[in-house]
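Participant: I would like the atomic coordinates for the input below:
(2 chains, ligands or ions: 2)
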Amino acid sequence: MIRRALDLIGQYFILMRKVFVKPDKMKIFLKQVWSEMEKLGLTSIAIVAIISFFMGAVITLQTALNFTNPLLPKYYIGLVARDSILLEFSSTMVALILAGKVGSNIASEIGSMRITEQIDAMEIMGVNSANYLILPKVIASVLFNPFLTILSMFIGIFGGGFIVAVTQVIRPADFIQGIQIFFIPFYVTYGIVKMVVFSFIITTIPAFYGYYARGGSLDVGRSSTNSIVASSIFILLFNLILTQLMLI
Amino acid sequence: MIEVKNLCKSFGEKAVLDNISAKFLKGQTNLIIGQSGSGKTVLLKSIVGLLDITSGEIWYDTLRFDQLNFKEKKAVRRQIGMLFQGSALFDFATVEQNVMFPLEMFSEMNEAECRERANFCLKRVNILNSNDLFPSEISGGMQKRVAIARAIALNPKYLFCDEPNSGLDPRTSILIDNLIQEITEEYQMTTIINTHDMNSVMEIGSNIIFIYEGQKWWEGNKDEIIHADNKELNDFVFASQMARTLKKYVTK
Ligand SMILES: Nc1ncnc2c1ncn2[C@@H]1O[C@H](COP(=O)(O)OP(=O)(O)O)[C@@H](O)[C@H]1O
Ligand SMILES: [Mg+2]
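Facilitator: Residues are numbered from 1 along each chain as shown, chains lettered A, B, ... in the order given. Ligands and ions are numbered 1, 2, ... in the order given. You can find the predicted model right below:
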């Protein structure tokens, strides 16, 4: 069990050494990064926006409902909701969602290329297939996903404001004061840094599972599922590590 | 010419290839035949270096291939074209882009020149007016031909084909076989073909190696194979009623 885990980790780093080298042709590489941004990033905007809106609203409602201490000013509800969104939701939760969407896409795409010998075909031509197939996805996600985080922060807080306006759980003016008061800009940086790390995880781990897939289409499906489970665990693990490093 | 000497390959405990020595000559179609699971694909992938061999030697003309490092192997691979069992066309790219792929990666040609060369190769394999289709949109026979075009795009000295006929009807199979043979002679390539298709053996078997349980069991050409009296070979080659009847007529 432990041995197998160590083997996997070793294999992962061997693959990463093949991935992180200078691409054969820079022009082709840049074109690929561009198209991966479209494929992995742009297509995620809608789902991130929808989920952020609803979760922002729910976080605000829950905070308001659990806020029973009459001595604290009401604007604290806006403040707590804002910080929950900035600190955890827009990075960690969004990364978990992307792990499912982007991760399964990457693992199944690379996995099916493996079992249909397309990767062998590249290797025979002398192309570094790991570099050609994986690096553009990693770079595109690491560059683009922080924008999804920022988008999610805005829409999440907007969702909170929307629910306050509709339900009047607190006075909208209190909420607006709350989301502005005691604002710590570092929280945004922190969210973005986390997202950069998570983006690395949710591209490289599914790519790893896909790259070493073997067997038939069922096995590709299975390794895609496994890769999402593994990515999620590593997101949570690194969330803990980064919180410890950056906030405490 | 390609030569293997005493080649052995095992996966863990399981020996798949056992002490195989053979010569594959230039300008002719060299066939490796044998049952499914006899180790043909493993032999081919070992020769091109997709699999590491357990022991033995692999020679590309005067170059000992199995002892080269990764970079040196890469240089040899620029001279290799390979046709995979399932075509292995890139499904993210169109027919034309597939053939242009090795050219764009490895030649100094500009885009227009790459396109011209790609279209020349496509024309050579009789694929016309399908440039913008994706692999999933063309038939199996066409996929094979596009894969041949991609394999010869960089003018390789060595061509490897893993079961070029699998999944094709007999007529299309023969077309593909003849195409490979013509190209081999035209460009004086060293061509190695894996097959278990007896039509291919009779059509293009200039030099045939029969693999049985991981060993080289028999070697000869298509005229000799009819008269061969090796039991395992005959069981394999003349497996069908039709083939046995034919053998009776020919040898009488
Ligand atoms: N990567 C591998 N790991 C373990 N065994 C393998 C591997 N590849 C092939 N084999 C085994 O090698 C034997 C020969 O396979 P193969 O060369 O594909 O046969 P074929 O002659 O049909 O092409 C089979 O028994 C197969 O199970
Ligand atoms: Mg095979």
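
Participant: tell me how many other residues crowd A:G215.
Facilitator: A:G215: 12 surrounding residues under other C-beta atoms under 10 Å in any protein chain shown. Every residue, glycine included, has its C-beta placed from N, CA and C.

Participant: what does the one 4 residues further on give?
Facilitator: A:D219: 14 surrounding residues under other C-beta under 10 Å.

Participant: hmm, it is touching A:Y212, no?
Facilitator: No - the pair A:D219 / A:Y212 is not scored as a contact, 10.6 Å apart, by C-beta atoms under 8 Å.

Participant: and B:S130, how far is that from ligand 1?
Facilitator: 29 Å (C-beta to the nearest ligand atom, to the nearest Å).

Participant: contact partners for the nearest residue to that residue once chain neighbours are set aside?
Facilitator: Spatial nearest neighbour of B:S130, excluding adjacent residues (C-beta to C-beta, 6 or more residues apart in numbering or on different chains): B:V95 at 5.2 Å. Going by C-beta atoms under 8 Å, 6 or more residues apart in numbering or on different chains, B:V95 touches B:89, B:122, B:127, B:130-135, B:138, B:146.

Participant: look up phi and psi at B:V95.
Facilitator: phi -50, psi -50 (degrees, to the nearest 10).

Participant: mind checking pLDDT for A:N69?
Facilitator: A:N69 is assigned 81 on the pLDDT scale.

Participant: about what we covered before: and the residue nearest to B:S130, how far from B:Q181?
Facilitator: Distance, B:V95 to B:Q181, using C-beta to C-beta, to the nearest Å: 23 Å.

Participant: same deal with B:K23?
Facilitator: 19 Å.

Participant: between those two, which is the more surrounded one?
Facilitator: More crowded of B:K23 and B:Q181, by other C-beta under 10 Å: B:Q181, with 18 against 14.

Participant: correct me if wrong: B:C114 contacts B:M100.
Facilitator: Yes - shown here, B:C114 and B:M100 form a contact pair, counting by C-beta under 8 Å, at 4.9 Å.

Participant: okay, the two: which has more neighbours?
Facilitator: Remark: of B:C114 and B:M100, B:M100 carries more neighbours, 25 against 21, as counted by other C-beta under 10 Å.

Participant: so that one lies in a helix, does it not?
Facilitator: Yes - counting by DSSP: H, G, I helix; E, B strand; the rest coil, B:M100 is located in a helix.

Participant: all the helices of the stretch 151-252 of chain B, in order from the start?
Facilitator: Along the stretch 151-252 of chain B, the segments classed as helices by DSSP state H, counting those that start in this stretch run B:170-186, B:198-204, B:222-227, B:231-237, B:241-251.

Participant: longest helix anywhere in chain A?
Facilitator: As assigned by DSSP state H, the longest helix anywhere in chain A is helix A:129-167.

Participant: just list what that one packs against, helices and strands only.
Facilitator: helix A:2-19, helix A:26-36, helix A:45-65, helix A:75-84, helix A:94-115, helix A:118-125, helix A:172-180, helix A:186-211 (3 or more C-beta pairs under 8 Å, 6 or more residues apart in numbering or on different chains; DSSP states H and E).

Participant: those: which one's closest to A:P146?
Facilitator: When these are compared for distance to A:P146 using C-beta to C-beta, the nearest one is helix A:186-211, at 4.7 Å.

Participant: and B:K157, its phi and psi?
Facilitator: Torsion angles, degrees, to the nearest 10, at B:K157: phi -90, psi -20.

Participant: determine which residue lies closest to the centroid of the chain.
Facilitator: All of this is about chain A. Taking C-alpha atoms, centre = their mean as the criterion, A:A95 is the residue nearest the geometric centre of chain A, at 2.4 Å.

Participant: wait, I meant chain B there
Facilitator: For chain B, by C-alpha atoms, centre = their mean, the most central residue is B:C161; offset 1.7 Å.

Participant: that residue: what's it in contact with?
Facilitator: Counted by C-beta under 8 Å, 6+ apart, B:C161 has contacts B:82-83, B:180, B:191-194.

Participant: out of those, which comes closest to chain A?
Facilitator: Distance to chain A, by C-beta to the nearest C-beta, is smallest for B:M82 among those, at 4.6 Å.

Participant: the helix or strand where A:S232 lies: which residues count as buried?
Facilitator: Taking DSSP states H and E as the definition, A:S232 sits inside helix A:217-247. In terms of neighbour count (16 or more other C-beta atoms under 10 Å in any protein chain shown), helix A:217-247 has its buried residues at A:220-221, A:223-224, A:227-228, A:230-232, A:234-235, A:238-239, A:242.

Participant: repeat for stretch A:58-76
Facilitator: Here stretch A:58-76 shows A:59-61, A:63-64, A:74-76 as buried, counting by 16+ other C-beta under 10 Å.

Participant: next: stretch A:130-145.
Facilitator: Buried residues in stretch A:130-145 (16+ other C-beta under 10 Å): A:130-142, A:144-145.

Participant: hang on, the earlier thing: from the contacts of B:V95, which ones fall inside helices?
Facilitator: B:122, B:146.

Participant: pLDDT, neighbour count and distance to B:I211 added to the contacts of B:V95, as a markdown table?
Facilitator: Putting those into a markdown table (pLDDT from 0 to 100; neighbours: other C-beta atoms under 10 Å in any protein chain shown; distance: C-beta to C-beta, whole Å) gives the following:
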| residue | pLDDT | neighbour count | distance to B:I211 |
| --- | --- | --- | --- |
| B:L89 | 96 | 28 | 27 |
| B:L122 | 94 | 24 | 33 |
| B:I127 | 91 | 22 | 32 |
| B:S130 | 93 | 16 | 36 |
| B:N131 | 94 | 17 | 39 |
| B:D132 | 95 | 10 | 41 |
| B:L133 | 96 | 15 | 37 |
| B:F134 | 97 | 16 | 36 |
| B:P135 | 96 | 21 | 30 |
| B:I138 | 95 | 17 | 32 |
| B:V146 | 95 | 25 | 29 |
